[in-house]
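Asker: let me see the structure of the following:
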Amino acid sequence: MKHEWDRDPDIIEGEYEIIDEWDASGTYDDWSNGGMRMDPRPPYVTYVILGLNVAVWLIMSFIGTVFDINLSYQLVYFGAKVNELIAAGQYWRLFTAMFLHVGVMHLLFNSYALYIYGPIAEKLYGKIRFAVIYVLSGLMGSLFSYLFSPNPAAGASGAIFGLMGSLLYFRKRNRTLFKRVFGPRLFIIIGINLLFGFIQPGIDNWGHIGGLIGGFLAANAVGLYRERKLSDKVVVWALIVAIFVLGLWIGQRKYDKMVIYIENSYHAPVHEAIYYGELLQCPIGHESFDAGLWEYEWLWGN
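Answerer: Next up is the predicted model:
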């Protein structure tokens, strides 16, 4: 399969970040000494998510090679975030996009970040709560990208930023221990990556911001491992639901005219027109959407 690696960030964005990781060794002892209750089991959920990401990438690459499908169409077929398709009713793309990656380097960077932050968050929150935080963060990242970024995107970055957001809730619950374990480094890492997302063309920073917010809210909603005093969690859950409902409603109104225009012009569902690489002239206020150029317009940083 031939992959084109040219950049055209004005057309397509990918969730991609360069997280400057730090060595987490020894931090578990610090938590124990601080009287922190943690999940004693190995971080199986993190390993399962890592395995899923790699498996999806291998399957996608295998199918692309066997059937000679270029990378951009692979991503669309497997469920990348494409605003017009989501507005047309394919809401599942908000979920599937977090398991797709734009090339092997994208997969490796995100896998490394998940390997660093996943076990820490899973120990702090436990298996089920960690899974909830990860999924909600990824969905919130996809939702923000859907609302504020016009370009297709894919990647686990929103969910990974959500894990960092969940660590900010840990700071809220135990500032002394947070300072001892993390110090200012977590804020520096978050700041550097968000800044990089703003100055480097083609990065879907809205997905990162949404994931960070989603992780913090989800952590507030589920609480730390065996944390019981959560009197306000119903309010937080209501806020999360309201954000998704309102976001989907706004997105539907934002992209509805474009979807109707495409369907009326081509007498076919929007995804069929896109798959066949037609040049879709959008209504006034939107840029032309040339799906036929996708094979060399996806962004994957170096």
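
Asker: low-confidence ranges in this structure?
Answerer: The model of the chain has pLDDT under 70 over residues 1-35, 229-231, 257-302.

Asker: how about the strands in it?
Answerer: Remark: strands assigned in the chain by DSSP state E are 279-280, 289-290.

Asker: looks like residue 160 contacts residue 114 (just checking).
Answerer: Yes - contact criterion C-beta atoms under 8 Å: residue 160 and residue 114 qualify, at 5.7 Å. Any C-beta I mention is one placed from the backbone N, CA and C, and that applies to glycine too.

Asker: the more surrounded of these two?
Answerer: Neighbour comparison, residue 160 and residue 114: the larger count goes to residue 160, with 33 against 23 (by other C-beta atoms under 10 Å).

Asker: count residues in the vicinity of the nearest residue to the more buried one once chain neighbours are set aside, would you?
Answerer: Leaving aside its chain neighbours, residue 160 sits nearest to residue 113 (4.8 Å; criterion: C-beta to C-beta, 6 or more residues apart in numbering). Residue 113 has 23 neighbours, counted by other C-beta under 10 Å.

Asker: same check, this time on residue 64
Answerer: Neighbour count for residue 64, taken as other C-beta under 10 Å: 20.

Asker: relative to residue 76, how far out is it?
Answerer: Distance, residue 64 to residue 76, by C-beta to C-beta, to the nearest Å: 12 Å.

Asker: which neighbours do those two have in common?
Answerer: The contact sets of residue 64 and residue 76 do not overlap (C-beta atoms under 8 Å, 6 or more residues apart in numbering).

Asker: can you point me to the longest helix in this structure?
Answerer: When the chain is parsed with DSSP state H, its longest helix is helix 233-266.

Asker: just checking, what packs against it?
Answerer: helix 83-87, helix 127-148, helix 205-222, helix 270-275, strand 279-280 (3 or more C-beta pairs under 8 Å, 6 or more residues apart in numbering; DSSP states H and E).

Asker: next one: residue 90 from residue 142, what distance?
Answerer: Per C-beta to C-beta, residue 90 is found 12 Å from residue 142.

Asker: again, but for residue 89
Answerer: Taking C-beta to C-beta, one finds residue 89 at 15 Å from residue 142.
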